[in-house]
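Trainee: need coordinates for the following:
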Amino acid sequence: MRTVATIAATAALATIAATASAASPAKAPMEKCYGVSLAGKNDCKAGAGTSCAATSHANYQGDAWKYVKAGTCTSIKTPKGFGSLNPKA
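Mentor: Next comes the predicted model:
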């Protein structure tokens, strides 16, 4: 009786795991886009005097980056121009 219960529990857990992984959508590829983040909203290092996320000092700072959907960076328009795949001066 114990073996049947163990097999049933294992099968149930396997079904749950398979359903959960099948229901999870694949994440879209992302890329770093410079010059598009607002002050304090960057995703990581933003030049001298900063360490990581949320440390940029100015809106659309050229050396601060934000992750965006791959292929969209250079089409993002800001008051300082378009996003860039490389740091801006």
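Trainee: now do the same contact list for Met30.
Mentor: 67-70 (CB atoms under 8 Å, 6 or more residues apart in numbering). Using the backbone N, CA and C atoms, a C-beta is placed for each residue, glycine as well.
Trainee: and the closest residue to Leu38 other than its chain neighbours, helix, strand or coil?
Mentor: Closest residue in space to Leu38, ignoring its immediate chain neighbours: Asn59 at 5.0 Å, by CB to CB, 6 or more residues apart in numbering. For Asn59, the assignment made with DSSP: H, G, I helix; E, B strand; the rest coil gives coil.
Trainee: so Asn59 makes contact with Asn42?
Mentor: No: look at Asn59 against Asn42 with CB atoms under 8 Å: they stay out of range, at 10.5 Å.
Trainee: neighbour count: these two, which is higher?
Mentor: Asn42 (26 against 16; other CB atoms under 10 Å).
Trainee: what mean pLDDT does stretch 71-89 have?
Mentor: The average pLDDT within stretch 71-89 is 95.
Trainee: what sits up against that stretch?
Mentor: Contacts of stretch 71-89 (CB under 8 Å, 6+ apart): 31-36, 47, 59-60, 62-63, 65, 68.
Trainee: of the residues you listed, which pair is most distant in space?
Mentor: Glu31 and Asn59 (20.5 Å; CB to CB).
Trainee: and the contacts of stretch 71-89, which are buried?
Mentor: Using 16 or more other CB atoms under 10 Å as the burial test, the contacts of stretch 71-89 include 31-36, 59-60, 62-63, 65, 68 as buried.
Trainee: so, low pLDDT: which residues of the chain?
Mentor: 1-24, 45-51 (pLDDT under 70).
Trainee: can you pull out the helices in it?
Mentor: 2-23 (DSSP state H).
Trainee: which residues does Thr78 bridge with?
Mentor: Taking DSSP bridges, one obtains Gly81 as the residues bridged to Thr78.
Trainee: separation between it and Asn86?
Mentor: To Asn86, Thr78 is 16 Å away according to CB to CB, to the nearest Å.
Trainee: likewise for Ala70?
Mentor: 15 Å.
Trainee: Lys41 now?
Mentor: Distance, Lys41 to Asn86, by CB to CB: 20 Å.
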